[in-house]
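**Q** quick one, structure for this:
(one chain, ligands or ions: 1)
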Amino acid sequence: MNNIIDGKLVRDLKIEELKNKVNKLQDKLTLVVISVGDDEASRVYVSQKEKFALKIGYNFKNLHFDEIDESELIKEIEKLNKDSSITGIIVQLPLPEYLDKNKIINSVSPSKDVDGLTNNNFLKLIKKEECIIPCTPKGIISLLDYYKVDLQKRIVIVGRSELVGLPLFHLLLHRNATITLCHSKTNNLKEITKDADILIVAVGKKGLITKDMIKTGVVIIDVGINRADGKIYGDVSEDCFEKASLMTPVPGGVGPMTVISLMENVYLAYEKGLKNESR
Ligand code: NAD
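**A** Here you go, the predicted structure:
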């Protein structure tokens, strides 16, 4: 099939670009991932982040707690905020339910928030100010740009999470797209998705989007990750490849772009830090 959007290919190109920039630095950048509890998927994601951080030439630390008090965790984050040897900090999600996710994410200094999830970064994103952009939306825009997809089109996003759909809505609006944002309470989803020139789906339901819900020639970005019978599936059924002009596979589409976007954000946090120092 020649209509595949190849996330691994774009990721590998971006790895080389970033490695070259990082190689030229005198300083060694450090990414810290904070994780709590024993979520199995999180363990895989943390080790992926480690693998790519080391590949780029960063230091990597995983600060893991089986269990920790909210106030203790915030103290740990504040220590990292003040530590000038740390470039970027991320809090691996999901956190156990007894912890207040928002409070913890917002205790990360916005200048080290390489996931771009603090309120400070989100407000700047909405206002189109310089900021750190959340990794998955950033990776999706990079993919669409690499494949030269015109964004001044009718775009439908399915899923309104703070991690994906909501920031993506604003980023695409800044690029003059005309966007409909759908969610679990949207009626007649099919009537809306059928109209999309570009369809982006971030829900977490295998096979939510079927061939009869799309128009011929649509560009599809499938963000979903669903595990079933030992395999990984997206939210879009595979036969949509027959009608789409371009479509991301799962795995191998958006996932690889999320990781490289995180690595790019670490570099950006470093650059921004230098700028602030010289003021
Ligand atoms: P979430 O659970 O926070 O949000 C899901 C969204 O889907 C919600 O806004 C909800 O309103 C909407 N929704 C639920 N059922 C719906 C329905 N029937 N019709 C329309 N909308 C519906 O999830 P999330 O964190 O945004 O992640 C979504 C999916 O993307 C998950 O499968 C997740 O694993 C995956 N994901 C992948 C990457 C990646 O790098 N590939 C990154 C982040 C998330």
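**Q** how many neighbours does E130 have?
**A** 9 (other CB atoms under 10 Å). For the C-beta atoms, the positions are set from N, CA and C on the backbone; glycine is no exception.
**Q** you'd agree it is up against S111?
**A** No. Between E130 and S111 there is no contact, the gap being 11.4 Å when judged by CB atoms under 8 Å.
**Q** what touches both of those two?
**A** K272 (CB atoms under 8 Å, 6 or more residues apart in numbering).
**Q** please report how far V44 lies from the ligand.
**A** To the ligand, V44 is 12 Å away according to CB to the nearest ligand atom, to the nearest Å.
**Q** er, L123 actually
**A** Taking CB to the nearest ligand atom, one finds L123 at 20 Å from the ligand.
**Q** work out for me the element that residue sits within.
**A** helix 119-126 (DSSP states H and E).
**Q** give me the contact list for the helix or strand just after that helix.
**A** Per DSSP H and E, the first helix or strand lying C-terminal to helix 119-126 is helix 135-146. Contacts to helix 135-146, defined as CB under 8 Å, 6+ apart, come from residues 5, 7, 10, 13-14, 115-116, 151, 163-164, 167-168, 171-172, 175, 198, 200, 202, 219, 221, 223, 248, 253-254, 256-262, 264-265.
**Q** narrow these to those in helices?
**A** 7, 10, 13-14, 167-168, 171-172, 254, 256-262, 264-265 (DSSP state H).
**Q** for PyMOL, write the selection for the buried entries among those residues.
**A** Selection command for PyMOL covering only the buried members of the ones in helices among the contacts of helix 135-146, criterion 16 or more other CB atoms under 10 Å:
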select buried, resi 7+10+14+167+168+171+172+254+256+257+258+259+260+261+262+264+265
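**Q** of the ones in helices among the contacts of helix 135-146, list those near the ligand.
**A** Contacts with the ligand within these, as defined by CB under 6 Å from any ligand atom: 254, 258.
**Q** where does this structure come near the ligand, residue by residue?
**A** So far as CB under 6 Å from any ligand atom goes, the chain lies against the ligand at 136, 158-161, 163-165, 182-184, 186, 189, 202-205, 208, 223-226, 254-255, 258.
**Q** would you map the strands across the stretch 1-150 of the chain?
**A** 30-36, 59-65, 88-91 (DSSP state E, counting those that start in this stretch).
**Q** low-confidence stretches in the chain?
**A** 278-279 (pLDDT under 70).
**Q** one step back: which positions in the helix holding L123 come out as buried?
**A** Those would be 120-122, 124-126, for helix 119-126 by 16+ other CB under 10 Å.
**Q** and it with helix 135-146, angle?
**A** On the basis of axes from the mean of the first three to the mean of the last three CA atoms, to 10 degrees, helix 119-126 is oriented at 30 degrees to helix 135-146.
**Q** only C-alpha atoms, please: export helix 119-126 in PDB.
**A** Taking Å, rounded to 0.1, in the frame of the first residue of the first chain, the C-alpha atoms of helix 119-126 are listed here in PDB:
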ATOM      1  CA  ASN A 119      -1.900  24.900  32.900                       C
ATOM      2  CA  ASN A 120       0.700  27.500  32.100                       C
ATOM      3  CA  ASN A 121       1.800  25.800  28.900                       C
ATOM      4  CA  PHE A 122      -1.800  25.100  27.900                       C
ATOM      5  CA  LEU A 123      -2.800  28.700  28.200                       C
ATOM      6  CA  LYS A 124       0.200  29.800  26.200                       C
ATOM      7  CA  LEU A 125      -0.700  27.300  23.500                       C
ATOM      8  CA  ILE A 126      -4.300  28.600  23.300                       C
END
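**Q** quick one: contacts of it?
**A** With contact meaning CB under 8 Å, 6+ apart, helix 119-126 is reached by 106, 110, 113, 116, 130-134, 162, 167, 170-171.
**Q** now those residues as JSON lines including distance to K51?
**A** Formatted as JSON lines, the contacts of helix 119-126 follow (distance: CB to CB, whole Å):
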{"residue": "N106", "distance to K51": "28"}
{"residue": "P110", "distance to K51": "27"}
{"residue": "D113", "distance to K51": "22"}
{"residue": "G116", "distance to K51": "21"}
{"residue": "E130", "distance to K51": "29"}
{"residue": "C131", "distance to K51": "27"}
{"residue": "I132", "distance to K51": "22"}
{"residue": "I133", "distance to K51": "22"}
{"residue": "P134", "distance to K51": "21"}
{"residue": "E162", "distance to K51": "26"}
{"residue": "P167", "distance to K51": "25"}
{"residue": "H170", "distance to K51": "31"}
{"residue": "L171", "distance to K51": "27"}
